[in-house]
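Asks: Predicted model, plus sequence, below.
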Amino acid sequence: DAGVIQSPRHEVTEMGQEVTLRCKPISGHDYLFWYRQTMMRGLELLIYFNNNVPIDDSGMPEDRFSAKMPNASFSTLKIQPSEPRDSAVYFCASSHSGSPGNTIYFGEGSWLTVV
Amino acid sequence: AQSVTQLDSQVPVFEEAPVELRCNYSSSVSVYLFWYVQYPNQGLQLLLKYLSGSTLVKGINGFEAEFNKSQTSFHLRKPSVHISDTAEYFCAVSDTGTASKLTFGTGTRLQVTL
């Protein structure tokens, strides 16, 4: 089975540019998560969806960040405008509510550098 | 709300030696507990999880963890480590009500050397 697929794997962009990160969850999973990992803050949950509906976006740092899930197989995380402090690894993850403990499966991450 | 404390940011160990990575959690409700591993430049992979039942949980790659409710701990152990175990290890907790929302610790870097 294919795991969680993220693109791009690496992105270098200039400050002020728009960045769009993409995610395809595991087929059949009804939860989707966006995490950010930095040296300073570790792993932070930004937002998560259940059945394509945003449930908790309290981790989204500010209005420059937005996330959408137009259907069960696709989600985007957008940063506009980007800033150097947004440089981080962004992980998408998914899980299925029917599995005990709802094991969360992570993608390999999108490594973002804003210069 | 839950929180997780990983007491050691780095643990150096020689190959074939035993290792314990410590994790303590805080929660006012029942919890599920997890250990994830992150190899360099990769995503996180589940090592093991405690949901209920036996407090000793066995995972992949020879790792095991013991849930101790009275000490609110979930320490990860391996009797003999290998160079390939060098990675970052994350302890995580979720409450059984909102089982999908994980709170992670800050991670422990396990460095195995010859």
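Replies: Cool, got the structure.
Asks: so where do the strands sit in chain A?
Replies: A:5-7, A:10-13, A:19-24, A:31-38, A:42-50, A:53-56, A:65-71, A:74-79, A:88-95, A:105-106, A:110-114 (DSSP state E).
Asks: Just grab the bridge partners of whatever residue of chain A ends up closest to chain B for me.
Replies: Here chain A gets closest to chain B at one residue, A:F106, 3.8 Å apart by C-beta to the nearest C-beta. Placement of C-beta: from N, CA and C, glycine included. Taking DSSP bridges as the rule, A:F106 bridges to A:A93.
Asks: and B:Q2, what does it touch?
Replies: By C-beta atoms under 8 Å, 6 or more residues apart in numbering or on different chains, the contact set of B:Q2 is B:Y25, B:S26, B:S27, B:V31, B:V93, B:S94, B:D95, B:T103.
Asks: distance of the closest residue in space to it that isn't next to it in sequence from B:H75?
Replies: In space, B:Q2 comes closest to B:S27 once its chain neighbours are excluded; the distance is 4.2 Å by C-beta to C-beta, 6 or more residues apart in numbering or on different chains. Between B:S27 and B:H75 the distance, using C-beta to C-beta, to the nearest Å, works out to 17 Å.
Asks: same deal with A:M40?
Replies: For A:M40, the distance to B:H75 - C-beta to C-beta - is 26 Å.
Asks: more crowded one of the two?
Replies: Between A:M40 and B:H75, B:H75 has the larger neighbour count (other C-beta atoms under 10 Å in any protein chain shown), namely 18 against 6.
Asks: Now do the SS call for the more buried one.
Replies: At B:H75, secondary structure determined by DSSP: H, G, I helix; E, B strand; the rest coil is strand.
Asks: swap in the one 5 residues further on?
Replies: Classification of B:S80 using three-state DSSP returns coil.
Asks: Wait, it touches B:V13, no?
Replies: No - judged on C-beta atoms under 8 Å, B:S80 makes no contact with B:V13 at a distance of 10.2 Å.
Asks: between these two, which one's more packed in?
Replies: With neighbours defined as other C-beta under 10 Å, B:S80 and B:V13 compare such that B:V13 has more, 17 against 11.
Asks: Pretty sure the more buried one sits against B:H82.
Replies: No - counting by C-beta under 8 Å, B:V13 stays clear of B:H82, with 10.5 Å between them.
Asks: Can you tell me what sits against the helix-or-strand element of chain B with minimal mean pLDDT?
Replies: Ranking every helix and strand in chain B by mean pLDDT, DSSP states H and E puts strand B:103-104 at the bottom, with a mean of 90. Contact with strand B:103-104 is made by A:42-43, A:45, B:1-4, B:36, B:90-94, as judged by C-beta under 8 Å, 6+ apart.
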